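Undergrad: Show me the folded form of this:
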Amino acid sequence: MDIDEEYSAYVAARWPALVRSAVLLGCSIHEAEDLVQSTLVKCYVSWDKVAKASNQDGYVYRIMLNTHRSNHRRSWREHPSDHVPEDSTTDLSDVTGLADTVRNALAGLSVDNRAVVVLRFFADFTDQQTADVLGIPLGTAKSRLSRALAQLSRNPHLADIIGRSQP
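TA: Model prediction:
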């Protein structure tokens, strides 16, 4: 398999998870897609390093987190449009409501704590992989995760969801 095929296979396999993670980091779906595209362009340019990394996903997520931080430092912002395009007739209100609740709960966390939760639970990294991606000691990653989970457990909207899902 040549480098382009290897890269294409990686992108095809990881695109949905990367976009989901970017949304959970606080991006809109369109911002998330842009962030992932920017991340993957950076990965393509240095694919030889990514391919040789002992943890490719960790390497890519680190690039994505750094790109996300850089994008938020910019002084300009895009502004939403007053025009909403027509949507399909499928009712996605329950799924959308749940997704909004989770995004809002995550938005209440600090940037560092949100990154730990997203990497640990949505990207399914181990504690050590999460610490490595963020460049922090394992104990720091665990304490951030503990604080974040404690904060999320006090979120009344998440408690409502959990209460509804239990018999």
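
Undergrad: Do a quick rundown of the helices in this structure.
TA: Using DSSP state H, the helices assigned to the chain run over residues 3-24, 29-45, 47-52, 56-73, 93-107, 111-117, 127-134, 138-153, 156-165.

Undergrad: could you dump these to TSV with mean neighbour count?
TA: To be clear about C-beta, it is placed using only N, CA and C from the backbone, and glycine gets the same treatment. Output for those, formatted as TSV (neighbours: other Cβ atoms under 10 Å):
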stretch	mean neighbour count
helix 3-24	16
helix 29-45	17
helix 47-52	13
helix 56-73	17
helix 93-107	13
helix 111-117	20
helix 127-134	20
helix 138-153	16
helix 156-165	11
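
Undergrad: In JSON lines: these, plus mean pLDDT.
TA: Formatted as JSON lines, those follow (pLDDT from 0 to 100):
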{"stretch": "helix 3-24", "mean pLDDT": "93"}
{"stretch": "helix 29-45", "mean pLDDT": "94"}
{"stretch": "helix 47-52", "mean pLDDT": "92"}
{"stretch": "helix 56-73", "mean pLDDT": "89"}
{"stretch": "helix 93-107", "mean pLDDT": "73"}
{"stretch": "helix 111-117", "mean pLDDT": "93"}
{"stretch": "helix 127-134", "mean pLDDT": "94"}
{"stretch": "helix 138-153", "mean pLDDT": "94"}
{"stretch": "helix 156-165", "mean pLDDT": "64"}
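
Undergrad: Quickly list the domain ranges of the chain.
TA: Domain ranges of the chain: 1-74, 92-167, per automatic domain parsing.

Undergrad: check contacts around the residue nearest the centre of the chain.
TA: Of all residues in the chain, the one closest to the mean position by Cα atoms, centre = their mean is Ser21, 2.0 Å from it. By Cβ atoms under 8 Å, 6 or more residues apart in numbering, Ser21 lies in contact with Tyr61, Met64, Val118, Leu119, Phe122, Ala123.

Undergrad: my read: the first one touches Val133, true?
TA: Yes - using Cβ atoms under 8 Å, Tyr61 makes contact with Val133 at a distance of 5.0 Å.
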